[in-house]
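Novice: starting from these lines, generate the structure:
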Amino acid sequence: MKRWMIIGILVVAACVRLYNLAHVPPSPSLDEVTTGYNAYSILKTGADEYGTKFPLLLRAYDDFRPALYVYAVIPFVWALGLTVLAVRLPSVLLSLIVVYVTYLLGRLIGKKYMSFDYLGEISALCIAISPWHIYISRLGHEANMGLALTVVAVYFFLSGIIAKRTRSIIGSGIVFGLTVYGYQSEKIVTPLLLAAGALFFWKELWKQKGAAILAAILCVLIAVPAAAATLSPQGMVRFQGTSAFSRDAPRMMEAERHYALAKTAGNRIGEIVHGKLVTSAEIFAGNYISHFSPGWLFAGASREAFKAPGIGLLYVWEGVFLLLGLYALLRSKLPRNVKLFLLAWVLVSPVPASVTTQAPHAMRSYTMIPGLQLIEALGVWYVVRHLRTNYMRIGMAVVISTCIIYGAVGFWNGYFVRFPAEQSDAFQYAMKGAVTYALQHNHDYARIEFAHQGNLYQSYMFFLYYSTFDPSAYHALGGTRSGGYQEAHYIGKYSFGYLPQTQAEYAPDTLYFYDAHAVPSGLRTIARFDNLDGKTGIAAAVL
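Specialist: Below is the predicted model of the structure:
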């Protein structure tokens, strides 16, 4: 019976993640097109868009992201072609691994310490139907690789500690080392988790010191190349561009202005309050705390990153079980170090998002999901163990089932119905139509120029992706010289960058693609490319 339960949960998880995967999200995102094309390029030539052979870090838009997910995509591109399905399927499979390993974690803890055989199944069910996990798992993004590796590493680690499996300790070291090749956030989360594990389980690790030392050595050896590449000047470009503490960040600029005024006035206290150290601490604390805001976790506006319209990252009913789970965690018979480690897993996960802009950030704090769901499952266990009669248990089962069904219906409507129609512009949906039109009229113009703003942001990569541009030919043209954020790109007669804005600069034999609201006067619009909400995203224009 128990085996069929986890199989049923995995089937549910697979169905909701695979349903209409090629069309929801409505088109490949900015990150998905670079992942797909670089996987295609490495498959065909052994080099990425820049001509770098089998890169450790994917340079992409000069953000030097971990490349492991790109390699995972390559077999799917080989089998399915350069399609959005090929880019997203590995994420779905990784997400199912997360569901299953979370089940193993719950079962490991429940059987050993709580005499509760269903902690694993409840944990797996919670993550299988999680809006947060479903949304991101349907994106072809390396965050899913990072999360899957982290969950496996944690399972091996706790299995080695709890079940005293020497091989699991060694395996955890290997997988923890690999996590830094999965996603940027793991470069911060993994060292913090390892520090927490060493601190809370030092006695247990000392008893298996041979395995622990070997695991540590393997972890370091595996992680060092990624760490060295990340700390290089090129690898730091992404952090410098997203750092919440950079000098051009709004809060830092404001603090610098107040600091200058305080210094001029001789106000020593003002200098301290508005100094870089105090301001950085305030920014970090505010960003960190925002990840535990009920409004962010349990509610959603019409447009929020990684949320379906009107839906939170978690269902409202989950909040009740999370609170009960925290209480149950503290009151349970779990060893103190296990309790602290589970809490640490949740508490360290928002740290990467707290040092960057756009906090709170669902993807950069993605690692906390399994920890939250394990605590939530403890809340369910707490309720179940206090129900004295079968009637009470049946009544609670009805209540919980009603909540799950109500939440699932709301998520289905928000994600599969409203989300594609209302947020297709966020996925630059109009780019496919624009690129297709350009290719159809390729011989009609001497030059074809794409803007690099709004719906056309990083238009060169969408062109490479949708045209399935031959990587060998692209390398022969020089490949990508700089991904950057604003640089122009040139591919034969095609150019991608800032377009002319004055009539004197227009050429009669050139086709221009502008963001719909940026077509300058003096040009005639000859085609429009709409998003799914019916609003024009991109316009093609000629003199």
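Novice: low-confidence bits of the stretch 151-300 of the chain, can you list those?
Specialist: Along the stretch 151-300 of the chain, segments meeting pLDDT under 70 span 232-242, 244-249, 255.
Novice: cool, and the chain?
Specialist: Residue ranges of the chain with pLDDT under 70: 1, 232-242, 244-249, 255, 482-486.
Novice: remind me, longest helix of it?
Specialist: helix 84-109 (DSSP state H).
Novice: and the helix or strand that it is followed by, what's buried?
Specialist: Moving toward the C-terminus from helix 84-109, the next helix or strand (DSSP states H and E) is helix 119-128. Under the neighbour-count criterion of 16 or more other C-beta atoms under 10 Å, helix 119-128 has Leu119, Gly120, Glu121, Ile122, Ser123, Ala124, Leu125, Cys126, Ile127, Ala128 buried. C-betas here are computed from N, CA, C, even on glycine.
Novice: list the contacts for the fourth one?
Specialist: Ile122 makes contact with Gly106, Glu376, Ala377, Val380, Trp381, according to C-beta atoms under 8 Å, 6 or more residues apart in numbering.
Novice: let's see it at 7 Å
Specialist: Neighbour list for Ile122: Gly106, Ala377, Val380 [criterion: C-beta atoms under 7 Å, 6 or more residues apart in numbering].
Novice: circling back: turn the buried residues of helix 119-128 into a markdown table, including distance to Trp412.
Specialist: Putting the buried residues of helix 119-128 into a markdown table (distance: C-beta to C-beta, whole Å) gives the following:
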| residue | distance to Trp412 |
| --- | --- |
| Leu119 | 27 |
| Gly120 | 26 |
| Glu121 | 23 |
| Ile122 | 22 |
| Ser123 | 22 |
| Ala124 | 20 |
| Leu125 | 17 |
| Cys126 | 17 |
| Ile127 | 17 |
| Ala128 | 14 |
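Novice: where along the stretch 251-400 of the chain do the helices fall?
Specialist: Here the stretch 251-400 of the chain has its helices, by DSSP state H, counting those that start in this stretch, at 268-273, 276-290, 294-298, 316-331, 336-348, 351-354, 369-385, 390-412.
Novice: which one of the contacts of Ile122 has the most neighbours?
Specialist: When neighbours are counted by other C-beta atoms under 10 Å, Ala377 leads the contacts of Ile122 with 30 neighbours.
Novice: alpha carbons of stretch 375-393, as PDB, please.
Specialist: Only the C-alpha atoms of stretch 375-393 are listed here, as PDB (Å, rounded to 0.1, in the frame of the first residue of the first chain):
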ATOM      1  CA  ILE A 375       8.300  21.000   8.600                       C
ATOM      2  CA  GLU A 376       4.800  21.200   7.100                       C
ATOM      3  CA  ALA A 377       4.500  17.400   7.100                       C
ATOM      4  CA  LEU A 378       5.400  17.500  10.800                       C
ATOM      5  CA  GLY A 379       2.400  19.800  11.300                       C
ATOM      6  CA  VAL A 380       0.200  17.300   9.700                       C
ATOM      7  CA  TRP A 381       1.700  14.600  11.900                       C
ATOM      8  CA  TYR A 382       1.000  16.700  15.000                       C
ATOM      9  CA  VAL A 383      -2.600  17.100  14.100                       C
ATOM     10  CA  VAL A 384      -3.100  13.400  13.300                       C
ATOM     11  CA  ARG A 385      -1.500  12.100  16.500                       C
ATOM     12  CA  HIS A 386      -3.900  14.300  18.500                       C
ATOM     13  CA  LEU A 387      -7.000  12.900  16.900                       C
ATOM     14  CA  ARG A 388      -8.500  10.400  19.200                       C
ATOM     15  CA  THR A 389     -11.300   8.700  17.200                       C
ATOM     16  CA  ASN A 390     -11.700   7.500  13.600                       C
ATOM     17  CA  TYR A 391     -14.600  10.000  13.200                       C
ATOM     18  CA  MET A 392     -12.100  12.900  14.000                       C
ATOM     19  CA  ARG A 393      -9.600  11.500  11.600                       C
END
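Novice: which residues does the residue nearest to Ser459 when sequence neighbours are not counted form a beta bridge with?
Specialist: Of all residues not flanking Ser459 in the chain, Phe450 sits nearest, at 4.1 Å (C-beta to C-beta, 6 or more residues apart in numbering). Per DSSP bridges, the residues bridged to Phe450 are Phe496, Phe513.
Novice: strands of the protein, residue ranges please.
Specialist: 57-58, 65-66, 447-450, 489-491, 494-496, 510-515, 524-530, 536-542 (DSSP state E).
Novice: picking that back up, distance to His517 for the helices of the stretch 251-400 of the chain - can I get that in CSV?
Specialist: Shown next, in CSV, are these (distance: least, C-beta to C-beta, whole Å):
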stretch, distance to His517
helix 268-273, 42
helix 276-290, 31
helix 294-298, 30
helix 316-331, 37
helix 336-348, 42
helix 351-354, 31
helix 369-385, 38
helix 390-412, 32
